[in-house]
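# Kindly return the folded structure for what I paste below:
(2 chains)
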Amino acid sequence: MASLPSVLVGNNTLKLEPDFKKHLPTTSLSVQQKGNYNNKTATTQLVESYESVSLDFREALSVIQDGSSGFESNVYIPILQECMNNQSVSQTQMIHAHIIKTGTFEDLYLMTFVVNVYGKCGAMDLARKLFDDLPKKNVVTWTSLMSGYIQSSEPMVAIRVFSEMLEDGTYPTNYTLGVVLHACTLLLSVKLGEQLHGFIVKYQVEDDTSIGNALSCLYSKCRSLDSAVKAFSRTGDKNVISWTTAISACGDNGDSVMGLSLFTEMLYDGIEPNEYTFTSVLKVCCFMQAMGVGSQVHSLSIKLGYQNNIPVTNSIMYLYLKCGLISEAKKLFEGMGKISLVTWNAMIAGHAKMMEQAVDSLLAHSSGMEALNIFKKLNRSNMKPDLFTYSSVLTVCSALVALEQGEQLHAQTIKSGFLSDVVVGTALLNMYNKCGSIEKACKAFVEMSIRTMISWTSMITAFSQHGHSQQALQLFEDMRLAGVRPNKITFVAVLSACSHAGMVDEGLAYFKLMKNEYKIKPVMDHYACLIDMYVRLGQLDEAFDFIKKMEFEPNEFIWSNLIAGCRSHGNLELAYYAAEQLLNLNPKDCETYVLLLNMYLSAGKYQDVSRVKKRMKIEKVGKLKDWSWISVRDKVHSFKPDDRLCPPGGEVDLMLADLLEKARTIGYEAQGSFGVTDEEGLEQTTSKIIHHSEKLAVAYGLLNAPNESPIRVIKSISMCSDCHSFIKLISVITEREIIIRDSKRLHKFVNGKCSCGDFGSLM
DNA sequence: CTAGGGTTAG
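Got it, this is the predicted structure:
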């Protein structure tokens, strides 16, 4: 904000005159203009009729030329509108030249329109040049120029133009203030926005519709829903835009209940929703994953004629995906006559979201693969991916641990220039982190020219997940020095770094800092970190005390961590208790049963075994799906324990046998655990345990991945402790980095050590 | 000249 024009900041605030209000038009300018457009002269209609049969501009212009005796400059308006729709700079230039030739350039109203069209086509250099050449300009001309800069994502320039206008002695209208407020919104500058708001209050124009709408939008985008709603309620004549802005504010700030009730209220008030309203209210539905309400909104949109509207259909498609209805989304996608880049992006992002939400890892994996497929199709189409596309696809690569595709995307973002976008940069950082490469994640972070709070948090999280607690905490201090305010997620990373390193005092100090200095209310995840801290140190009683006096019902992570601690520190009674609690939380989760059964079996508590088995039957718990995937040279290979891809005597089988032999010489002994269940119950799996899917995938990787490159595997359930200790040894024997992302966390095995600190394998 | 659909961290 340092380079804001001096008229707008500091002592020398806005130079608006006290009688500013009388310069606000009583009727809105746009209505006057619209009136002019509709007042068609015979020539205009002639031109329009030509337009409807052919888009040949020369032909249209020749008509004007033929009847050039005494025609109005208005005849250009429909053609210019066509230029705007086509986003064609060259067509606009042609008309512009024609206007100059016929001498109509003295018409300020017409020339303002041309400035506007250049702006809409993104040709701001031409717009500015024309503007500078104009002998006279009025407030609409100035406003049009500003609006053009906003369209070209140059809100700062728009504000500079505003200050030029004030220095020029031209008074703003309500529309002008709306545009400037919009620039503040894009800059997320509440400060400047509030300054303008001050003047707006002083001149008592707060109830103006354009101003109220713009204020509401500004506060919403700056995450202040209360102020946004206040601005909305103070708006005098609420039009469809006012309502839509308010609904959209609710969607953006997570108050879906208010969003839906505003929509209902709006319908009761007899305001007809338009395409913008539909997209906004559908976003609210997305937030709630409310397919029921969404369907009703969908029906209403069709009734009002938006069946073939691209933005509305995109929103519905995205809602389907958010609600897990893939085939419905696909049907809609394939049925769309025209699609936009946003359509592609919504499909990709929707599949990425499905991965995130899917309880079933198989489904998550196939959604990710489908997202990559859609991306490939987009690349073959005539459209080019943009920053939204790259952010989503990179996220998909993270979740798939698909480093090679991720690296190709990295190259593409450099080539296309989208890497300079902070969201894309952050997504890249996360991709490298989740693929196990802390070095490349770090490089991506260092090379970013702008860093948001999320970028910092991502990097702190990366250090924390890799077990580099000191670096995580150092970076947190750097973040504070850089003046970036952490949020609750940042503190999750910080606290988990502390627990990983056993730093109890520091952990508690950061917890206090979060509550006292940053006024962040602790959530479950923070408590989970603190409890994990005690658990790792073997202070189980302290951990349990903490759980008891906490104001939340403990979640599955807390119980899981407690179980892990109890087992490694030999407090079995507490472990049983925690495991039963976990089971009550997750009565359908197969992994939990396997964990519990293993515990009781190894202790010889057969009564408990049969009790748990009985419950398993009642709950109809299915088979444990142990799958692993590895991506080698752009192709994904999947493995199941009894995989036909790895027949006895095949290369993977031989490789695994060889590894087992070598591991035994340095002390490996297969643990007799009960890994896999079927409908009948449990099978003793000492023989099967050596065929757990990640062992097969790692063996395959060692055979087929490029020499010395790390092995990256993704797994559908959490690793069992046997695989965990086996892979640790493999990392010593082969001197390779092995990265396994299971359903719970990242394991990076280097030289016999795992980044999880041996606290991540329960089964 | 104002309003929209798709993006990043646990």
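# Enumerate the positions of the longest helix anywhere in chain A that are buried.
For chain A, the helix reaching the highest residue count under DSSP state H is reported as helix A:361-380. Residues of helix A:361-380 classed as buried: A:361, A:363-372, A:374-375, A:378 (neighbour count, 16 or more other Cβ atoms under 10 Å). Where you see a C-beta, it was placed from the backbone N, CA and C, and this is true even at glycine.
# Is the very next helix or strand once past that helix positioned near DNA strand B?
On the C-terminal side of helix A:361-380, the nearest following helix or strand under DSSP states H and E is helix A:387-400. Yes - contact of helix A:387-400 with DNA strand B (Cβ under 7 Å from any atom of the strand) involves A:387, A:388, A:389, A:391, A:392, A:395, A:398.
# Would the longest helix of chain A count as contacting DNA strand B?
No - for a cut-off given as Cβ under 7 Å from any atom of the strand, helix A:361-380 has no contacts with DNA strand B; the smallest distance is 10.7 Å.
# mind listing what residue A:748 touches?
With contact taken as Cβ atoms under 8 Å, 6 or more residues apart in numbering, residue A:748 is in contact with A:436, A:466, A:467, A:737, A:738, A:739, A:754, A:755.
# Check what pLDDT the second one gets.
According to the model's per-residue confidence, residue A:466 sits at a pLDDT of 92.
# Now it: closest residue in space that isn't a chain neighbour?
Nearest residue to residue A:466 in three dimensions, chain neighbours excluded: residue A:438, at 4.7 Å (Cβ to Cβ, 6 or more residues apart in numbering).
# Show me the contact partners of stretch A:148-160.
A:3-5, A:8, A:115-116, A:118-120, A:122, A:124, A:127, A:146-147, A:161, A:179-180, A:182-184, A:186-187, A:192.
# how about a cut-off of 6 Å?
For stretch A:148-160, contacts defined as Cβ atoms under 6 Å, 6 or more residues apart in numbering pick out A:5, A:119, A:122, A:124, A:127, A:146, A:182, A:183, A:186, A:187.
# Quick check: the closest residue to the last one other than its chain neighbours vs DNA strand B, distance?
The reference is to residue A:187. Spatially, and ignoring its direct neighbours in sequence, residue A:187 is nearest to residue A:155 (5.0 Å; Cβ to Cβ, 6+ apart). Residue A:155 sits at a distance of 11 Å from DNA strand B (criterion: Cβ to the nearest atom of the strand, to the nearest Å).
# now swap in residue A:179 and tell me
Taken as Cβ to the nearest atom of the strand, the span from residue A:179 to DNA strand B is 6 Å.
# tell me which element that residue falls in.
Residue A:179 belongs to helix A:174-187, assigned by DSSP H and E.
# The strand or helix carrying residue A:83: which residues count as buried?
Secondary structure from DSSP H and E places residue A:83 in helix A:76-86. Neighbour-count burial for helix A:76-86 flags A:76, A:77, A:78, A:79, A:80, A:81, A:82, A:83, A:84 (criterion: 16+ other Cβ under 10 Å).
# quick check, nearest of the contacts of stretch A:148-160 to DNA strand B?
Distance to DNA strand B across those (Cβ to the nearest atom of the strand) is lowest for residue A:182, with 4.0 Å.
# got a list of what residue A:566 touches?
Contacts of residue A:566 by Cβ under 6 Å, 6+ apart are A:574, A:575.
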